[in-house]
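**Student:** sequence and predicted structure, then a few things I'm wondering about:
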Amino acid sequence: MLALAWMKLGNTSTAPFFHGYLLFECLMMLRLFGLLLGKSIASRWLRVAGATFALAWFTNLAVGDGLMALPTWIRPLEAILLVSLAVRYFLKIMSEGVVRNPAKTFGFWVSTGVLIFFSGNMLLFVFSKTVSDLSGRAYLAIWEVHAALAILLYLIYTLAIVWARKNPTSS
Amino acid sequence: MGPEESDIVLIFTVSATLIVLLAIAVVLFVLIYQKRMVDRDVELQKLKNKRQHELLRATIQGAERERKRLAQELHDGVGSQFSGLQLTLAYRAHHPETSADQAAFLDEACAMIGEGLEGIRRVSHNLLPSTLEEFGLIQALQDCIAPVQKAGFTPALEVKGTPFRPGTQVELGLLRAMQELLNNTIKHANATQVHICLTFDPYSISIRYSDNGVGLSQKLPHSGIGLMNIQSRVGALGGTVSFEGSQGFVAKINVPLQAPNSSVS
């Protein structure tokens, strides 16, 4: 709705919404992984990561891609950060051995979704400029792959929520 | 879409597919690794439990051996010496040269030695219930509740199923548990009635012990160690114990048998 109103005002790109979404998504996921990883990762490091990302995001808006262009390097940065945290979560459950059945935990499915979605889309994020220069059919074909991965991500998030509701104390 | 663009789309699609497959492989690896770790932990815990079980059984067997030795020592050593002393004093008391005063004194001493001997026999019997070895659990339990009857309780022993001899270790373990429970009832329960139901099943032996006393919550501070001993003993036999105590006190003991038994005792 906001985007439609924005376009009616004569703007040709919804990129500002995407920039806002990126910052919100990254900070929320950092907070979520902070809860999932608990004491196994110093909250100080997560705060530093969040602040660094926010600074990079602001720099990109101010002197980089700008507000009206699609982000070129901020999305890969976010992907690297979140994939690293997902891998860290897997390492945590493997080393601690506390979680008896990871497939029945919220954290496992969130990390699985993050790992599959962000690693699968990494090439697209890195070469987003190249992709946006392609012709309509080729551009659409690549974005269909992206859409399939997005659907997969939200299906996996649904599983995570199901387990969180069934077993609220599991991480 | 030109050939160059087709190649780009192909590269993107194939790369994304490969990376997703790799990510799925990582996830599967985590799941399989964790399952193996859990299985290994369960196996380790089983081994640990088995070792603890064996240690407990060895400790109990050692304690029983020591009880047996002590009982024999009391019965054959100290008991025999006291009996000899009693006979000597009785002979001296009825000797013609002994005065009436001396005879009365010696008779009194004989009576005191007799009481001491009775005490030694009782302790010796408690340490080594010979009835158990000779006549089995039912007779030993009847012997066990007989003194309770004298103490003003109304005990009842009920036997269900076809009795058989499940082996000395099981019988001894159950008898000791019953002795402990009776002891608790006498000391702490303020009960007037005790009911023991012994059930023989081809695959297990179970006992339901109940009294009409104050129940578990008021009994526990005094009898907690005794109840833990019962749990250890029954645990060493591979059995289970549960205690209930809202109205009176109820203990349920079940000891599974290695092989079905049907031999009549």
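**Tutor:** Great, that's in hand.

**Student:** going forward, measure contacts and count neighbours with C-alpha atoms only.
**Tutor:** OK.

**Student:** neighbours of B:Lys187, just the number please.
**Tutor:** B:Lys187 has 13 neighbouring residues, counting by other CA atoms under 10 Å in any protein chain shown.

**Student:** helix, strand, or coil at it?
**Tutor:** helix (DSSP: H, G, I helix; E, B strand; the rest coil).

**Student:** check contacts around the residue of chain A found nearest chain B.
**Tutor:** Residue of chain A nearest chain B, by CA to the nearest CA: A:Gly120 (4.7 Å). Counting by CA atoms under 8 Å, 6 or more residues apart in numbering or on different chains, A:Gly120 makes contact with A:149, B:15-17, B:19-20.

**Student:** B:Leu55 and A:Leu36, how far apart?
**Tutor:** According to CA to CA, to the nearest Å, B:Leu55 and A:Leu36 sit 41 Å apart.

**Student:** these two: who's more crowded?
**Tutor:** For B:Leu55 versus A:Leu36, neighbours defined as other CA under 10 Å are more numerous around A:Leu36 (22 against 13).

**Student:** related to what we said a few turns ago, pick out the most distant pair among the contacts of A:Gly120.
**Tutor:** Taking CA to CA as the measure, these span a maximum distance of 13.0 Å, between A:Leu149 and B:Ser15.

**Student:** which one's more surrounded, the two?
**Tutor:** A:Leu149 (21 against 17).

**Student:** would you check that the more buried one makes contact with A:Ser119?
**Tutor:** No: shown here, A:Leu149 and A:Ser119 do not form a contact pair, counting by CA atoms under 8 Å, at 10.2 Å.

**Student:** after the helix or strand harbouring B:Val234, which helix or strand is next?
**Tutor:** Assigning secondary structure by DSSP states H and E places B:Val234 in helix B:216-236. For helix B:216-236, the following helix or strand on the C-terminal side (DSSP H and E) is strand B:240-244.

**Student:** send the alpha carbons of that next one over as PDB?
**Tutor:** This file holds the C-alpha atoms of strand B:240-244, laid out as PDB (Å, rounded to 0.1, in the frame of the first residue of the first chain):
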ATOM      1  CA  THR B 240      11.000 -50.800  40.500                       C
ATOM      2  CA  VAL B 241       9.600 -49.200  43.700                       C
ATOM      3  CA  SER B 242       7.000 -46.600  44.200                       C
ATOM      4  CA  PHE B 243       5.800 -45.000  47.400                       C
ATOM      5  CA  GLU B 244       2.400 -43.300  48.000                       C
END
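
**Student:** and it, how far out from the chain middle?
**Tutor:** Distance, stretch centre to chain centre, for strand B:240-244: 12 Å (CA atoms, centre = their mean, to the nearest Å).

**Student:** direction included, what does it pair against?
**Tutor:** When pairing is defined by DSSP bridges, strand B:240-244 lines up against strand B:249-256 (antiparallel).

**Student:** could I get the contacting residues of A:Arg75?
**Tutor:** So A:Arg75 contacts A:22, A:125-126 (CA under 8 Å, 6+ apart).

**Student:** ok, and the most crowded of the residues you listed?
**Tutor:** With neighbours taken as other CA under 10 Å, the top of the contacts of A:Arg75 is A:Phe125, carrying 22 neighbours.

**Student:** up against chain B, what does chain A have?
**Tutor:** A:90, A:93-94, A:97, A:100-103, A:112, A:115-117, A:119-124, A:134-135, A:137-138, A:141-142, A:145 (CA under 8 Å from any CA of the partner chain).

**Student:** filter the residues you listed to the buried ones?
**Tutor:** The neighbour-count test (16 or more other CA atoms under 10 Å in any protein chain shown) applied to the residues of chain A next to chain B identifies A:90, A:93-94, A:97, A:102-103, A:112, A:115-117, A:119-124, A:134, A:138, A:141-142, A:145 as buried.

**Student:** quick one on the thing from earlier: go through the contacts of A:Gly120 and flag which are in helices.
**Tutor:** A:149, B:15-17, B:19-20 (DSSP state H).

**Student:** distance to B:Arg176 and pLDDT added to those, as CSV?
**Tutor:** Below are those laid out as CSV (distance: CA to CA, whole Å; pLDDT from 0 to 100):
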residue, distance to B:Arg176, pLDDT
A:Leu149, 67, 94
B:Ser15, 72, 92
B:Ala16, 70, 92
B:Thr17, 69, 94
B:Ile19, 66, 95
B:Val20, 64, 95
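
**Student:** buried residues of the helix or strand containing A:Leu22, list them for me.
**Tutor:** If you go by DSSP H and E, A:Leu22 is part of helix A:15-37. Of the residues in helix A:15-37, A:15-16, A:18-19, A:22-23, A:26-27, A:29-31, A:33-34, A:36-37 count as buried by neighbour count, 16+ other CA under 10 Å.

**Student:** contacts made by it with the rest, please.
**Tutor:** Applying CA under 8 Å, 6+ apart, the external contacts of helix A:15-37 come out as A:3, A:41, A:43, A:46, A:50, A:53-54, A:57, A:67-71, A:75, A:78, A:82, A:85-86, A:89, A:92, A:107, A:171.

**Student:** and after it, which helix or strand comes next?
**Tutor:** The helix or strand immediately downstream of helix A:15-37 is helix A:43-63, counting by DSSP H and E.

**Student:** could you check the angle the following helix or strand past that following helix makes with helix A:43-63?
**Tutor:** Using DSSP H and E, the helix or strand that follows helix A:43-63 in sequence is helix A:74-96. Put simply, helix A:74-96 runs at 170 degrees to helix A:43-63, going by axes from the mean of the first three to the mean of the last three CA atoms, to 10 degrees.

**Student:** fine, thanks again, bye for now.
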